[in-house]
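**Q** sequence plus the predicted model coming up.
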Amino acid sequence: MPNLPQDVKRSPCFHLKGTLVSFTILDLCHFDSEQFSTQLADKVKQAPLFFKNAPIILSLEREECHQVDLLHLVELCREYGLSPIGIRGGSTNQQIQAEELSLTVLPADQVINLKTAASDIDSAEKNKELNVLEDKPLNTRVEPETIFLPAKVVTTPIRSGQKVYAPCTDLIVLAPVSPGAEVLADGNIHVYAPLRGRALAGVLGDENARIFTTHMEAELISIAGFYKTSEDMQEFWKKSVNAMLENERLVMQII
Amino acid sequence: MAKIIVVTSGKGGVGKTTSSAAIGTGLALRGHRTAIVDFDVGLRNLDLIMGCERRVVYDFVNVINEEASLKQALIRDKRTENLYILPASQTRDKDALSKEGVERVLNELANDGFEYIVCDSPAGIEHGALMALYFADAAIIVTNPEVSSVRDSDRILGILQSKSRRAEKGEHVDEYLLLTRYNPARVSRGEMLGVEDVKEILAVPLLGVIPESQSVLKASNVGAPVILDPESDAGSAYMDAVSRLLGEEKAHRFINEEKKGLLKRIFGGKKHETV
């Protein structure tokens, strides 16, 4: 074992962090090797940089796709520079094949509600075989599909002992958060009323998360695990505040 | 349709039973057929405050266990027409209250033509308190003007809006704040929280402010709800609260310190404060 300084040895080797990554879903409608290649080549030509090593999930949820040879499909994708990382749905055979290819197998219904409205509109266009992206003029940038969940909005007071969590999104509270109550979000937290309890934003580790409130009277605020207690916020007390992380330090601004 | 009102607080000793007795009696005085149910199984007090402790034969738990009929257990108040008391058992504990049993008794009261059922909750946030608030249509949150009482009231409000039957059905339980043992002089000296402070923290409409008063202690000891003493400050404050509960507009009294005149200062002016 290499000689590491004592304090490095004592610290953990790694941290597990949850995060949201946007990736593209290739929603296969039916499969014909030649037609697929032509369409994919055409897509890649529109935005070569975007597709270069782009992580992609192959959606095989449709019945018509259950007989498709996964190996062949993956090879075709790689040929055009895409990097398939997993499949969604598919037949048992396809799932076994995916495991052999070291691809992740996602259950069909887990990701479906993360699809963007754009891809829903796309899938309505039934005469297209591939509906990952809409046809766009050559000179426009192609945006990746972002995973979007609407913010959680709470309009009633959050009382002592209550806990409200907004997973994968922002939390917006339009009523007081009482002392002894806890509000948590993977994203930002907005409280447009007195914030007197605890507020924890970016609980999965998003260091860009922020906390906003019109009346800062919190017992504790935390962003991605960096926290401050009420003792340390006297100059912001009862003020309208924007709290964020700056170089792993929680800082507050009056807004 | 009977309206079920729970009188609750989280914290003990803030005046739940006194308030249940006063408000139940007030509703009956206003001509509404009212039952006050004591949920404080094991520590029954309501019968003492109502002055009917010597007439208790059967109790709430007997009715739940079908050892007695509701008619046998209900005590008719001798002073006030339209008023009935369902006493708690002294020898059992709060686990004797089953959700099905409580529901059956409350339904039976409603079918019996009661317009208001006032549930006197035990302190705490355990089973007894949960049973008292579960079926409520409205809640009177009794709070003293001090921080721990306010905190506990906040907690019970959270439970009310998440664990009651109405909450489970996605409906709202009406909330009213009743501030008891209020002493304006101590508030202005900064020894007590003011009405506005409590209202701001709890964000619940104010049903009434009951002044700290010797008349409350006196009423408890003689077994007559304080509302029957209309001369007393606490009694008239409760009467105002009942009017507001019935939807009437009444200006709040007893919030500000009384300015004593010269004569009052000399002669004391403590008419209602002697026990």
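**A** Arrived safely, thanks for sending.
**Q** which single residue of chain A ends up nearest chain B?
**A** When scored by CB to the nearest CB, chain A has residue A:159 as its residue closest to chain B, at 2.9 Å. For glycine as for every other residue, the C-beta is placed from the backbone atoms N, C-alpha and C.
**Q** pretty sure residue B:127 contacts residue B:96?
**A** No. Counting by CB atoms under 8 Å, residue B:127 does not reach residue B:96; the two are 9.7 Å apart.
**Q** who touches the nearest residue in space to the residue of chain A closest to chain B that is not next to it in sequence in this structure?
**A** Sequence neighbours aside, residue B:158 is the residue nearest to residue A:159 in space, at 2.9 Å (criterion: CB to CB, 6 or more residues apart in numbering or on different chains). Applying CB atoms under 8 Å, 6 or more residues apart in numbering or on different chains to residue B:158 gives the contacts A:158-162, A:178, A:181.
**Q** from the chain's centroid, how far away is stretch B:119-128?
**A** Centroid separation between stretch B:119-128 and its chain, computed with CA atoms, centre = their mean, to the nearest Å, is 12 Å.
**Q** send the alpha carbons of it over as PDB?
**A** Taking Å, rounded to 0.1, in the frame of the first residue of the first chain, the C-alpha atoms of stretch B:119-128 are listed here in PDB:
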ATOM      1  CA  CYS B 119     -64.900  16.300  22.100                       C
ATOM      2  CA  ASP B 120     -62.700  17.100  25.000                       C
ATOM      3  CA  SER B 121     -59.300  15.800  24.000                       C
ATOM      4  CA  PRO B 122     -56.600  14.500  26.400                       C
ATOM      5  CA  ALA B 123     -53.200  16.100  26.300                       C
ATOM      6  CA  GLY B 124     -50.400  14.700  24.100                       C
ATOM      7  CA  ILE B 125     -50.400  13.400  20.600                       C
ATOM      8  CA  GLU B 126     -51.000   9.700  21.300                       C
ATOM      9  CA  HIS B 127     -53.900   7.400  20.700                       C
ATOM     10  CA  GLY B 128     -56.400   9.200  23.000                       C
END
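**Q** buried residues in the strand or helix carrying the residue nearest to residue A:159?
**A** Assigned by DSSP states H and E, residue B:158 falls within helix B:147-163. With burial defined by 16 or more other CB atoms under 10 Å in any protein chain shown, the residues of helix B:147-163 counted as buried are B:149-161.
**Q** possible to save these as JSON lines with pLDDT?
**A** JSON lines is the format used below for the buried residues of helix B:147-163 (pLDDT from 0 to 100):
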{"residue": "B:149", "pLDDT": "95"}
{"residue": "B:150", "pLDDT": "94"}
{"residue": "B:151", "pLDDT": "93"}
{"residue": "B:152", "pLDDT": "94"}
{"residue": "B:153", "pLDDT": "95"}
{"residue": "B:154", "pLDDT": "94"}
{"residue": "B:155", "pLDDT": "93"}
{"residue": "B:156", "pLDDT": "95"}
{"residue": "B:157", "pLDDT": "94"}
{"residue": "B:158", "pLDDT": "92"}
{"residue": "B:159", "pLDDT": "93"}
{"residue": "B:160", "pLDDT": "93"}
{"residue": "B:161", "pLDDT": "89"}
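**Q** out of these, which comes closest to chain A?
**A** So of the buried residues of helix B:147-163, ranked by how close each gets to chain A (CB to the nearest CB), first place is residue B:158, at 2.9 Å.
**Q** and that closest one, how far from residue B:28?
**A** Noted for residue B:158: a distance of 31 Å to residue B:28, by CB to CB, to the nearest Å.
**Q** now swap in residue B:154 and tell me
**A** Per CB to CB, residue B:154 is found 31 Å from residue B:28.
**Q** same check on residue A:69?
**A** 82 Å.
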